[in-house]
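> Just the structure for this:
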Amino acid sequence: MSQYSDGPNKTFKAGATIGANIRVTLTAGVLQIADASTIELGTTIDRVVSGDYVAVRLRNAQGTRKFTASGAITYCNLCYAAAAGKVASSGTVICGLALETTTADGDA
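Numbers count the residues shown, from 1 in each chain. The predicted structure is shown next:
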């Protein structure tokens, strides 16, 4: 299997400029920002510009992942996929459980 990965992170080429802790998906072999209806491949670890490579913390990796919030999310509540690769306090695609409280758009 050419895509086998034994660790929690995998490196991919970015198809757009993407911030750190943003939910991403693969489209035509490059990373794109995931929308509110997409189950993400994982989250970026660092900010990246289009054409460069970035490590992604895979969705199915053991442990936790850091997300960027689109608004207030209360500790211990579910996080849902939101627009622009962020997470929100409501939605239809569950991403995880908030281990910290966020208060504003852009909090990570």
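
> Would you mind measuring from the residue nearest the centre of the chain to A88?
The residue at the geometric middle of the chain, judged as the C-alpha nearest the mean C-alpha position with CA atoms, centre = their mean, is R23 (2.1 Å). Taking CB to CB, to the nearest Å as the criterion, R23 is separated from A88 by 11 Å. No exception for glycine: its C-beta is placed from N, CA and C like everyone else's.

> Which neighbours do these two have in common?
With CB atoms under 8 Å, 6 or more residues apart in numbering applied, the overlap between the contact sets of R23 and A88 consists of A81.

> Look up phi and psi at I94.
The main-chain torsion angles of I94 are listed as degrees, to the nearest 10 and equal phi -70, psi 130.

> Quick check: G85 vs K66, distance?
When distances are taken as CB to CB, G85 and K66 turn out to be 12 Å apart.

> Which of those two has more residues huddled nearby?
The residue with more neighbours, out of G85 and K66, is G85; 27 against 13, by other CB atoms under 10 Å.

> what's that one in contact with, if anything?
Contacts were defined as CB under 8 Å, 6+ apart; by that measure G85 touches 18-19, 22-24, 33-35, 40, 68.

> where do the strands sit along the chain?
Taking DSSP state E as the criterion, the chain contains strands spanning 9-13, 23-27, 30-33, 42-44, 53-58, 78-81, 87-88, 94-97.

> Distance to A72 and mean pLDDT added to these, as a markdown table?
Shown next, in a markdown table, are the strands of the chain (distance: least, CB to CB, whole Å; pLDDT from 0 to 100):
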| stretch | distance to A72 | mean pLDDT |
| --- | --- | --- |
| strand 9-13 | 29 | 96 |
| strand 23-27 | 18 | 97 |
| strand 30-33 | 21 | 98 |
| strand 42-44 | 20 | 98 |
| strand 53-58 | 23 | 97 |
| strand 78-81 | 12 | 97 |
| strand 87-88 | 9 | 98 |
| strand 94-97 | 16 | 95 |
